[in-house]
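K.L.:
this one's structure only:
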Ligand SMILES: NC(=O)c1ccc[n+]([C@@H]2O[C@H](COP(=O)([O-])OP(=O)(O)OC[C@H]3O[C@@H](n4cnc5c(N)ncnc54)[C@H](O)[C@@H]3O)[C@@H](O)[C@H]2O)c1
């Protein structure tokens with residue numbers, strides 16, 4: 001993900017009138033090959049295997065901390081204590097306890113600006129869906145669904161990696177990987193789960209290790225969270241969703257209307273209404289423009305790299321006090337609330353019952 005940020009900074013000129021102009025000046029990775037990738041990026045003055053070097057460098061104003069989940073707490077808290085602003089990666093600590101301690105560290109250092117990564121809501125279609133739900137035009141809400149669906153783990157021969165081992169990824173498994181992506185919009189819109197009934201599936205229990213021999217793959221592959229938010233709020237994070245490569249989708253229906261967006265059709269939004277007594281799902285063509293205007297022609301498609309650019313534009317604009325009411329990145333409290341939901345989901349899987357989300 002660090003490379004994605006380097007690429008986004010390289011495309012920064014695509015943004016019209018952004019108040020900030022970032023430069024990539026320092027990089028850290030303990031893996032020499034990962035660090036060497038940044039040789040292709042001009043302007044980097046510091047490359048290190050020790051993140052403390054970046055914390056000690058006065059030229060470094062903002063960090064992006066994208067490391068495995070078991071390292072989040074130590075590195076985030078060290079960065080906060082060093083007074084560095086940063087965009088954190090989800091899930092913002094390996095579990096609820098870690099996320100709580102990170103937020104407590106932030107409360108002890110209120111001058112440090114921190115947000116959590118979640119780029120999918122910056123798709124233009126997602127923005128239209130968010131605005132439609134927020135406007136109240138759906139009327140009494142009947143149900144909301146937000147899903148993030150992958151299929152790469154369908155291949156049982158895919159080698160093990162840290163995201164497939166609970167000690168690095170967390171007991172919350174796929175919810176740690178994909179959960180913030182589906183919690184961000186509901187939490188931002190005030191659609192708060194009161195209870196959750198969770199169906200958690202560990203489908204592939206072993207995978208090839210470094211020498212090809214099978215090793216345990218002990219993480220939850222698929223999590224389906226049936227939440228009560230005053231109406232059914234269903235959140236799916238699936239690593240094994242046949243037919244889906246990287247699909248984020250949001251559907252909301254109410255008594256007066258409906259809206260649906262999926263990254264599988266990045267230019268289009270579906271909108272429901274009753275017209276002349278007939279039920280109509282209509283398709284709106286949206287094009288490329290999101291929260292921050294770009295030079296990209298309005299008719300062109302929006303993609304993952306655009307979403308990453310928009311998220312960074314939002315992060316740096318908000319840090320500069322120039323968000324001006326636009327959609328912002330997930331906050332530390334939203335990340336903590338998402339962990340509260342995931343912890344309740346783990347309890348629900350234990351008890352087989354709906355559990356309160358505290
Ligand atoms: N927002 C998104 O769409 C998105 C997508 C993928 C991953 N992520 C998140 O980004 C984070 C990293 O995931 P990834 O897919 O980039 O993982 P990755 O394994 O590809 O990269 C992690 C990097 O961290 C390095 N590293 C490990 N320990 C380190 C240390 N002590 N100091 C410095 N570097 C260290 C590793 O060498 C590796 O290069 C995770 O929190 C993950 O959930 C977010």
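P.N.:
Received it, and whenever you're ready, just let me know what you need. Every value quoted in this text rests on a predicted model; they were computed, and no experiment measured them.

K.L.:
Give me the distance between the two termini of stretch 265-281.
P.N.:
End-to-end distance for stretch 265-281: 15 Å, by CA to CA, to the nearest Å.

K.L.:
same question, stretch 26-33
P.N.:
16 Å.

K.L.:
List the contacts of that stretch.
P.N.:
Applying CB atoms under 8 Å, 6 or more residues apart in numbering, the contact partners of stretch 26-33 are 2, 6, 35, 38, 44-51, 53-54, 57, 59-60. C-beta here means a position set from N, CA and C on the backbone, and glycine is covered the same way.

K.L.:
Which positions within that stretch qualify as buried?
P.N.:
Going by neighbour count (16 or more other CB atoms under 10 Å), the buried part of stretch 26-33 is 26, 27, 28, 29.

K.L.:
List, out of those residues, those positioned next to the ligand.
P.N.:
Among those, proximity to the ligand is found for 28, 29 (CB under 6 Å from any ligand atom).

K.L.:
Show only the entries of the buried residues of stretch 26-33 found in helices.
P.N.:
When helices are assigned by DSSP state H, not one member of these lies inside them.

K.L.:
Quick one: buried ones out of the contacts of stretch 26-33?
P.N.:
Buried by 16+ other CB under 10 Å: 2, 6, 35, 38, 44, 48, 51, 54, 57, 60, out of the contacts of stretch 26-33.

K.L.:
So which of those is the closest to residue 165?
P.N.:
Of all the buried ones among the contacts of stretch 26-33, residue 165 sits closest to residue 2, with 21.1 Å by CB to CB.

K.L.:
how near is the closest one to residue 120?
P.N.:
Distance of residue 2 to residue 120, computed by CB to CB, to the nearest Å: 19 Å.

K.L.:
same check, this time on residue 299
P.N.:
From residue 299 to residue 120 the distance is 22 Å (CB to CB).

K.L.:
Quick check on those two: which one has the bigger neighbour count.
P.N.:
Remark: of residue 299 and residue 120, residue 120 carries more neighbours, 24 against 10, as counted by other CB atoms under 10 Å.

K.L.:
Can you read off the pLDDT for that one?
P.N.:
Looking at residue 120, its pLDDT reads 98.

K.L.:
what's the closest non-adjacent residue to it?
P.N.:
The shortest distance from residue 120 to any non-neighbouring residue, by CB to CB, 6 or more residues apart in numbering, is to residue 248 (4.0 Å).

K.L.:
list the contacts for the residue of the stretch 101-250 of the chain found nearest the ligand?
P.N.:
Nearest residue of the stretch 101-250 of the chain to the ligand, counting by CB to the nearest ligand atom: residue 117, 4.3 Å away. Contacts for residue 117 (CB under 8 Å, 6+ apart) come out as 1, 66, 87, 88, 89, 90, 180, 311, 329, 330.

K.L.:
ChimeraX command to pick out the buried ones of the residues you listed?
P.N.:
Burial among these is assessed by 16+ other CB under 10 Å; the matching ChimeraX selection reads:
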select :66,87,88,89,90,180,311,329,330
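
K.L.:
ok, and of the contacts of residue 117, which contact the ligand?
P.N.:
Counting by CB under 6 Å from any ligand atom, the members of the contacts of residue 117 near the ligand are 1, 66, 89, 90.

K.L.:
which residues touch the nearest residue to the third one once chain neighbours are set aside?
P.N.:
What sits nearest to residue 89 in space, not counting adjacent residues and going by CB to CB, 6+ apart, is residue 66, at 4.6 Å. Counting by CB under 8 Å, 6+ apart, residue 66 makes contact with 1, 2, 5, 89, 117.

K.L.:
how about a cut-off of 6 Å?
P.N.:
Taking CB atoms under 6 Å, 6 or more residues apart in numbering, we find residue 66 in contact with 1, 2, 89.
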